[in-house]
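Colleague: What follows is a predicted protein model with its sequence.
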Amino acid sequence: MTFLRVFLIARITFSEGVRARFFSVLLLISLGLLLTATYFQQFDFGTSELKFILDFSFGAVLFFGSVLTVVITTQIFFNEIEHRTAISILSRAISRWEFLLGKLFGIATLLFFFCLSTGILLSFLLGIKASELARESNLTENLVNQIEIFQFLGLQWLKFIVLTAMTLCIAGFSRSSLYTIVVTFLAILVCQLQHLAAEIYAGSESMIGRLFAWCLNTLIPNLQIYNIGDQMVLSSVNEPLPSGTLWGICLYSIIYAAIFFGLAVFLFRNREI
Amino acid sequence: MGNPAIKLSGLTRDFSIGLRGYKLRALDEVNLEIPTGRIFGLLGPNGSGKSTTIKIILGLLRPSSGQCDILGVPAGQREARSRIGYLPESPFFYQFLTGRELVRFFAAISGLRGRAREQQVDVILETVRMLGSADRLVRTYSKGMVQRIGLAQALVHNPDILILDEPMSGLDPIGTREVIEILQDLRDSGKTILLASHLLSRVEEICDEIAILHKGQIVCQGSLPEITKASESTIFKIPHLSPAKEKAVQEALRLLDIKILEFGKDRRRLDDVFLTAIFDQSNSAKES
């Protein structure tokens, strides 16, 4: 029963999200940027050009994916509250955590669709470019690992799920969508930069400094761990990733998504809607 | 005698305001019993505590103290919530769904499955007179239709209690009339209806009992005939009185030393004029 209720809410959330103009616009912009990336010809050698295209494309997907995640999650959450559909749903025999989990899964499905669309286009474009460059340079090896493009985008999808849970957590106590968006982006910035502070304090000689570094590492997710696109996709020119890295990142994502989701449920539990 | 549909005992709700946690008392020791099978009007000015009361009954807010029971079960419990249907004020449903899909969605999250769900959806759409428009997108509906589809979603799981927040707000007289007729049919079928409204003439028309909330307290409560009981004045309504007879009646009353407070022609209510005009026009269009 719980599964079915969560599924129904997730399905309606996905249907709402996929029809949102903001989603279509960001998806089109991302796909457009991927298409234009192949026309950049600043570099002479195959791998350098591929690296540029890859960095540019991944940058576009990650930036617009993150913006999409935060904005669409906030939009869907506050639409439900402001239009009172949340009251119509929650006045029934449905728990608040089921409602939030449905929202999380619905948005995760939407983001999966985003990652898949961009992944298919990117794989196609890089495949063409890599074979052109290989022909020109008389190389026989595969310059781009197609499967790992999808693996990398899969990791980004997990990152987006962490961001969705983080946004829901902030929306759980926030009174306005603008506040939620601003605070979530600040939180993302902190997560992106936490490794710098953690590294500085980890080398500290004082116990307090090391404890602070441990707290930073534990309490704030490090979003830099997802930046392994080059190593994954251009494995022929980079050192391969240590075994188990991908599974480690998956587990890391699931743990932080669960923590943020738990906090979101706790904050949403007593919220007046 | 069974449990009342809704029982509020010493219900108090405080809200903390600002960083210092200043307490604002929205409900203050409210005691209320709403019997089953009646239309109960919860009246009061803005900020009187109606919405807070409704949210506590729905289990969306917890009282600071006191108790709220729904058919003997504490409010907020799954069993209590499954027996309530709720229509919020000015509802705004998923615009990309058709009316049928919307009602089906609410039926599904209420636990209805398969053929039973489809049958119930059809029955409810028929009850709210929306079967003919059920396959249109919600965004194409008029306000009255949105209100009726809102009633359908509230009723689809066959709840014992229906809670309606301003169900007639923003509706034209025809829409209002339709909603009133639906509510009367529902009451006759045994449902308990709690209605929060500002439209006092409409409340008077359909409610069996009312309570008036003011500053979080019940200031007046009882059955409508009790509350609106006749004053000391007496009214006669006489059909087709000629001017000569009118004078004679006035003269006779004066001779009996009876003071006339008001004398004049009975006027039709504007609502009645409007509805008659619309229906007459519709009927003549059908005939031609």
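Modeller: Yep, that arrived. Since this is a predicted model, take the numbers as computed values, not measurements. Numbering: from 1, shown residues only, chains lettered A, B, ... in the order given.
Colleague: residues in contact with residue 123?
Modeller: You didn't say which chain, so I picked chain A. A:146, A:149-150 (CB atoms under 8 Å, 6 or more residues apart in numbering or on different chains). From N, CA and C alone the C-beta is placed, and that goes for glycine too.
Colleague: Switch those over to TSV; also include secondary structure.
Modeller: Shown next, in TSV, are the contacts of A:Ser123 (DSSP: H, G, I helix; E, B strand; the rest coil):
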residue	secondary structure
A:Gln146	helix
A:Ile149	helix
A:Phe150	helix
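Colleague: For PyMOL, what selects the buried ones among those?
Modeller: PyMOL command restricting these to the buried ones, with burial defined by 16 or more other CB atoms under 10 Å in any protein chain shown:
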select buried, chain A and resi 146+149+150
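Colleague: In space, what's closest to A:Phe58 - neighbours in sequence excluded?
Modeller: A:Gly229 (4.6 Å; CB to CB, 6 or more residues apart in numbering or on different chains).
Colleague: didn't that neighbour look like it was pressed against A:Leu54?
Modeller: Yes: if you go by CB atoms under 8 Å, A:Gly229 and A:Leu54 touch, sitting 6.4 Å apart.
Colleague: the longest helix in the chain is where?
Modeller: Reading this off chain A. Ordering each helix of chain A by length in residues (DSSP state H) puts helix A:96-136 first.
Colleague: The intended chain is chain B.
Modeller: helix B:270-287.
Colleague: quick one: contacts of it?
Modeller: With CB under 8 Å, 6+ apart as the test, helix B:270-287 has contacts from B:173-174, B:177.
Colleague: and what of stretch A:109-116?
Modeller: Applying CB under 8 Å, 6+ apart, the contact partners of stretch A:109-116 are A:10, A:13-14, A:17-18, A:23, A:26-27, A:30, A:61, A:65, A:68-69, A:72, A:153-154, A:156-157, A:160-161, A:164.
Colleague: can you do 7 Å?
Modeller: Stretch A:109-116 has contacts (CB atoms under 7 Å, 6 or more residues apart in numbering or on different chains) with A:10, A:14, A:17-18, A:23, A:27, A:65, A:68-69, A:72, A:153, A:156-157, A:160.
Colleague: Tell me the pLDDT of the residue nearest the centre of chain B.
Modeller: Nearest to the mean C-alpha position of chain B, counting by CA atoms, centre = their mean, stands B:Leu195 at 3.5 Å. For B:Leu195, the pLDDT comes out at 92.
Colleague: Check the offset of the helix or strand encompassing it from the chain's centre.
Modeller: Using DSSP states H and E, the element containing B:Leu195 is strand B:192-196. Centroid separation between strand B:192-196 and its chain, computed with CA atoms, centre = their mean, to the nearest Å, is 5 Å.
Colleague: quick one: is it near chain A?
Modeller: No: residues of strand B:192-196 contacting chain A under CB under 7 Å from any CB of the partner chain: none, with a closest distance of 12.5 Å.
Colleague: what about A:Leu246, neighbour count?
Modeller: Neighbour count of A:Leu246, defined by other CB atoms under 10 Å in any protein chain shown: 17.
Colleague: three-state assignment of it?
Modeller: Strictly by three-state DSSP, A:Leu246 counts as helix.
Colleague: Quick check: it vs A:Met232, distance?
Modeller: As judged by CB to CB, to the nearest Å, A:Leu246 and A:Met232 stand 8 Å apart.
Colleague: which neighbours do those two share?
Modeller: With CB under 7 Å, 6+ apart as the test, A:Leu246 and A:Met232 both reach A:Gln151.
Colleague: Next, the residues that contact stretch B:106-124 from outside, please.
Modeller: With CB under 7 Å, 6+ apart, stretch B:106-124 has contacts from A:1, A:5, A:8, A:89, A:92, A:94, B:100, B:103-104, B:131, B:152-153, B:155-157.
Colleague: Repeat the analysis, applying 8 Å as the threshold.
Modeller: If you take CB under 8 Å, 6+ apart as the criterion, stretch B:106-124 is touched by A:1, A:4-5, A:8-9, A:88-89, A:92-94, B:82, B:100, B:103-104, B:131, B:152-153, B:155-158.
Colleague: Give me the spatial nearest neighbour of the residue in the stretch 101-250 of chain A that chain B sits nearest to, chain neighbours excluded.
Modeller: Across the stretch 101-250 of chain A, the shortest distance to chain B (CB to the nearest CB) belongs to A:Gly102, at 9.2 Å. Of all residues not flanking A:Gly102 in the chain, A:Ile9 sits nearest, at 2.5 Å (CB to CB, 6+ apart).
Colleague: Tell me how many other residues surround that neighbour.
Modeller: If you count neighbours by other CB under 10 Å, A:Ile9 ends up with 24.
Colleague: re earlier: give me the buried entries from the contacts of stretch B:106-124.
Modeller: Members of the contacts of stretch B:106-124 classed as buried by 16+ other CB under 10 Å are A:5, A:8-9, A:88-89, A:92-94, B:82, B:100, B:103-104, B:131, B:152-153, B:155-157.
Colleague: Now, these that are in helices?
Modeller: The helices, defined by DSSP H, take in A:5, A:8-9, A:88-89, B:100, B:103-104, B:152-153, B:155 from the buried ones among the contacts of stretch B:106-124.
Colleague: Now tabulate these in CSV and tack on distance to B:Gly37.
Modeller: Compiled in CSV, those are given as follows (distance: CB to CB, whole Å):
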residue, distance to B:Gly37
A:Arg5, 30
A:Leu8, 32
A:Ile9, 33
A:Ser88, 24
A:Ile89, 27
B:Arg100, 29
B:Val103, 24
B:Arg104, 28
B:Ala152, 21
B:Gln153, 22
B:Leu155, 16
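Colleague: Would you mind listing what in the stretch 101-250 of chain B touches chain A?
Modeller: Residues of the stretch 101-250 of chain B lying near chain A by CB under 8 Å from any CB of the partner chain: B:105-106, B:108-111, B:153-154, B:157.
Colleague: For these, which single residue is the most surrounded?
Modeller: Most neighbours among these, by other CB under 10 Å: B:Gln153, with 28 neighbours.
Colleague: residues touching it, list them.
Modeller: B:Gln153 neighbours (CB under 8 Å, 6+ apart): A:88, B:85, B:87, B:93, B:102-103, B:106.
Colleague: Is it possible to get CSV of the residues you listed that adds pLDDT and distance to B:Glu246?
Modeller: As requested, the contacts of B:Gln153 are exported to CSV (pLDDT from 0 to 100; distance: CB to CB, whole Å):
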residue, pLDDT, distance to B:Glu246
A:Ser88, 91, 56
B:Gly85, 94, 52
B:Leu87, 93, 48
B:Phe93, 90, 55
B:Leu102, 96, 57
B:Val103, 96, 56
B:Phe106, 95, 58
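Colleague: so can I have CSV of those showing distance to A:Ile220?
Modeller: Converted to CSV, these look like this (distance: CB to CB, whole Å):
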residue, distance to A:Ile220
A:Ser88, 37
B:Gly85, 44
B:Leu87, 44
B:Phe93, 39
B:Leu102, 41
B:Val103, 45
B:Phe106, 40
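Colleague: That's all I had, so thanks and see you.
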